[in-house]
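# predicted model follows, preceded by the sequence.
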Amino acid sequence: MAGHIIAVVGGKGGVGKSVFAANLAIAYMQDFKQRPLIVDLDLTSLGDQNIILGQSPQKSIVDVSKMPAGPIDPKTLSPFMVNAQAGYSFIGAPRDAIMARDLDIDGLGRFYKAITNVFNLVVVDCGNGMDASAMKTFEYATAIFVVTTADIIVINQTKRVLSKIQELLFPPEMVQVVVNRYSQNSIINAQVIQKNLNRQIFAAIPEDVNSCDSSLAKSIPLCIAAQNAPISRAYHDLVRKIQQVNLLDNLAKLKKPTGVAAKIQAQTQSGGAQSAAGGDSSSGSSGPNGRSMAAPVDAWTAMKLRIHKALVEKMDLKKTNTDTSDPKQRAVLRERTQKGVLDVLNTEDTASLLNTRELKAQMFKEVLDEALRLGPLEDLLADDSVTEIMVNARDQIYIEKSGKPTMSKVTFSSEQQMMTVIERIVTPLGRRVDEKVPYVDARLQDGSRVHVIIPPLALRGPTITIRKFPKKRIEARDLVGFGSMTEEIADFLRCCVEAKLNIVVSGGTGSGKTTLLNVLSNFIPVNERIITVEDSAELQLGQEHVVRLETRPKNIEGEGEVSIRDLIKCCLRMRPDRIVVGECRSGEALDMLQAMNTGHSGSLTTLHSNNPRECIARLETLVMMAGLGLPSKAIKENIASAVNLIIQQSRLSDGSRKITHISEVTGMQGDVISLQDIFVYKQEGLDKKRKIIGRFVPTGFIPKFVEEMEAKGMKISRGLFAAK
């Protein structure tokens, strides 16, 4: 008797349909002692089942679809699937989007037609269920399980999926709705879901975050890792219900439409008015939710993709560690890859497109960058005039030069290429970015700061922001040359640092706070022990006696986080002469003030604010975030006694970055912290190139700490502060 195919689709991304598909098959295996086959056909996620099952198959469903026509049995399938010791078999998804394009839809149909003679149950993870490969699965499936959750947005998207399946004339009885992560206490109960979807719920899988997270962390399916958990029992109840109501045998008698997959595929290839999801698939620049649509691939990009794919297969780059930190291994790998690219290029017909030596060299470089480095970002990172790279979408990359953002000509060939670059950035640092943790802060090997945020939070696709790190350490004389300050102000700040004043550098995003903090830190005498605390290590100190500490995010189980607060408490036990905190963003401001007030004078930090007065107010707010319930007056007194100097750094309208205020915290007057400007930058107009004309002006106020500095033997000319 032939077996059955169950197609599993998600009503929306993130509903847990991949976990559901895997555990449905495992529960069947455990209850009926029969080996099921799990097929990962999610051509968007590309490999989620590998993590869920803890498997790493060498072949994929794409390879299976290309098998020559003929009988299929366990022996012929053996090279293409994993037979797990737990008792199930698994065929994985392709590792990248380029390979996914080679899926043979007709070959997939031949596979489905034959596979039910080998396995009694085949569970296929079909992603969102709207592409040609999913439709081909539906044509051969006995049942379609649509996974949703008790969430209004998800239910609304699920209605669209159900409606599309109905439009394509698949029998309504064939579709079964399963509610995942269900809670009895949810406002959106089963009755509400059934009413909105106009369908009966076949089963509900309870919410169990701890068991799910633990099983994913171990890469062991729930029904194996937590056999006695309520969520595992729910899967077994579901399997038994399928058997008790004789669901699959009854549905197998239904007549299903044919040729649906071919229709969807034709629409996709021709760019017809209606896409598989029922939306506009015209070649506009953005799609649903504003996401960038895949533009037609030009000849250059098509050739690059072919060469890269051939290179991956030739060198088996998927098994090769391209992120090694060993310079010798990197050199050997680069030499091997260069030879591989040349070999592939020689097999390509390049006469029409690469008809000059320069074009061949450019293609060679682009393929090499994509295989080993950061693809189209490499040239931007190598350009010293570029200070920031902002990737809004795969085909929209902005760069900042001289403080002004401009559109770059380079683009990514696909979102999958972007995700490969992102993985190449975060993996060596032990970080991760996926649907569960869709954003991450990281850094490149040269120290450049990187922030990544991906869908579903980023609606237009993965977004990358890179704040480039200068290759040469910027010193005070460089800032003087840039016009950020004068030599007199640089000498004054050097004296302030050497005199162990507590200094806060204030400024907006991209105003140059970290650069100025780095310059100030290099004024610290070489015989003092310095401890730096940063979210992402950026400071470049020239002294030798330096300890660098960096925060750590939560691990995959949501544990192990080490915050700036934790590190500041640690460094107080490490006998520091100076504490330098990259930035205060939260309750760590209280710990920083405590350190300044308890014998660790000369500490330095930065803060986001627009002027010195707002800096004080924000510092007070951050201390409140520590959650100790301190009275406002006590906080203000703490700030007034701890902070000596506030340096305001600003990015002006012409893109230049300058110190606009140097202000002393003079104490308390009633309930108000007193500030006195020492130097200010006065704008006087614009030149012919629309550059700001201005000058640094002393206010005439002599700081109170000057007498203390003079008592320590420092010579400061009082004329420096004379009003001009």
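Received the coordinates, thanks.

# drop to CA atoms for contacts and neighbour counts, all remaining ones
Will do.

# give me the phi and psi angles of the residue nearest to Lys255 when sequence neighbours are not counted.
Nearest non-adjacent residue to Lys255, counting by CA to CA, 6 or more residues apart in numbering: Pro171, 7.6 Å away. Phi and psi for Pro171, reported as degrees, to the nearest 10, are phi -60, psi 130.

# try the one 5 residues further on
Recorded main-chain torsions at Gln176 are phi -120, psi 130, according to degrees, to the nearest 10.

# spit out the contact partners of it.
Shown in contact with Gln176 (CA atoms under 8 Å, 6 or more residues apart in numbering): Ala143, Ile144, Phe145, Val146, Ile201, Phe202.

# so in terms of bridging, what pairs with it?
Counting by DSSP bridges, Gln176 is bridged to Phe145.

# just give me the neighbour total for Leu41.
Leu41 has 28 neighbours, counted by other CA atoms under 10 Å.

# that one contacts Asn128, doesn't it?
No. Contact criterion CA atoms under 8 Å: Leu41 and Asn128 do not qualify, at 10.1 Å.

# follow-up on the earlier one: drop anything exposed from the contacts of Gln176.
For the contacts of Gln176, a neighbour count by 16 or more other CA atoms under 10 Å gives the buried set as Ala143, Ile144, Phe145, Val146.

# out of the residues you listed, what pair is the most spread apart?
Farthest pair in those (CA to CA) is Ala143 and Val146. Separation: 9.7 Å.

# what touches both of those two?
Both Ala143 and Val146 are contacted by Val175, Gln176, under the criterion CA under 8 Å, 6+ apart.

# where along the stretch 101-250 of the chain do the strands fall?
121-125, 143-149, 175-182, 201-206 (DSSP state E, counting those that start in this stretch).

# wait, which of the ones you listed is closest to Asp446?
strand 121-125 (40.7 Å).

# so which elements touch the helix with the most length in the chain?
If you go by DSSP state H, the chain has its longest helix at helix 327-347. Helix 327-347 is packed against helix 299-315, helix 357-372, with contacts defined by 3 or more CA pairs under 8 Å, 6 or more residues apart in numbering; DSSP states H and E.

# quick one: average pLDDT of the longest one?
Read that as helix 299-315. The pLDDT scores in helix 299-315 average 71.

# now swap in stretch 206-218 and tell me
89.

# just to revisit the earlier point, mind putting the helices and strands packed on helix 327-347 in TSV, mean neighbour count and distance to Asp535 included?
Below are the helices and strands packed on helix 327-347 laid out as TSV (neighbours: other CA atoms under 10 Å; distance: least, CA to CA, whole Å):
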stretch	mean neighbour count	distance to Asp535
helix 299-315	16	35
helix 357-372	16	27
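
# can you list contacts of stretch 631-643?
For stretch 631-643, contacts defined as CA under 8 Å, 6+ apart pick out 501-504, 593-594, 596-597, 616, 619-620, 623, 665-668, 671-673.

# buried sites along that stretch?
Using 16+ other CA under 10 Å as the test for burial, stretch 631-643 gives Ile635, Lys636, Asn638, Ile639, Ala640, Ser641, Ala642, Val643.

# and for stretch 580-597?
When burial is assessed from 16+ other CA under 10 Å, stretch 580-597 yields the following buried residues: 580-593, 595-597.

# swap in stretch 196-210?
Leu197, Arg199, Ala203, Ala204, Ile205, Pro206, Glu207.

# what's the answer for stretch 605-614, then?
Thr605, Thr606, Leu607, His608, Ser609, Asn610, Asn611, Pro612, Arg613.

# which residues sit in contact with the residue nearest to Lys255?
Counting by CA under 8 Å, 6+ apart, Pro171 touches Leu254, Lys255, Lys256.

# quick one: the helices in the stretch 551-700 of the chain?
With helices called from DSSP state H, counting those that start in this stretch, the stretch 551-700 of the chain shows them at 564-571, 588-597, 612-624, 632-642.

# check which helices and strands the second one is in contact with.
Read that as helix 588-597. helix 564-571, helix 612-624, helix 632-642.

# what comes into contact with the first one?
Identification of contacts with helix 564-571 by CA under 8 Å, 6+ apart yields Ile531, Val533, Glu534, Asp535, Leu549, Glu550, Thr551, Ile579, Gly587, Glu588, Asp591, Met592.

# list the contacts for the second one?
If I follow you right, that is Val533. Arg548, Leu549, Glu550, Thr551, Ile564, Leu567, Ile568, Ile579, Val580, Val581, Gly582.

# mind checking which of those are buried?
Buried residues within the contacts of Val533, counting neighbours by 16+ other CA under 10 Å: Leu549, Glu550, Thr551, Ile564, Leu567, Ile568, Ile579, Val580, Val581, Gly582.

# pull the most distant pair out of these.
Maximum pairwise distance in the buried ones among the contacts of Val533, criterion CA to CA, is 15.2 Å, between Thr551 and Ile579.

# quick check, pLDDT for Ser281.
34.

# likewise the one 10 residues further on?
In this model, Arg291 is scored at 41, pLDDT.

# next, count neighbours for the residue nearest to Asn196 when sequence neighbours are not counted.
In space, and not counting its chain neighbours, Asn196 is closest to Ile155: 7.5 Å by CA to CA, 6+ apart. Per other CA under 10 Å, the neighbour tally for Ile155 reads 21.

# residues contacting Ile155?
Counting by CA under 8 Å, 6+ apart, Ile155 has contacts Gly11, Thr148, Thr149, Ile193, Asn196, Leu197.

# find the nearest non-adjacent residue to Thr465, please.
Of all residues not flanking Thr465 in the chain, Met390 sits nearest, at 4.6 Å (CA to CA, 6+ apart).

# and that neighbour, which of the three is it?
At Met390 the chain is in strand, as set by DSSP: H, G, I helix; E, B strand; the rest coil.

# that one touches Ile453, doesn't it?
No. Assessed by CA under 8 Å, Met390 is found out of contact with Ile453, at 11.8 Å.

# what is in contact with the two at once?
Thr463, Ile464.

# list the buried residues of stretch 435-453.
Buried residues in stretch 435-453, defined by neighbour count with 16+ other CA under 10 Å: 438-444, 447-453.

# ok, now stretch 662-680?
Within stretch 662-680, the residues scored as buried using 16+ other CA under 10 Å are 662-668, 673, 675-680.
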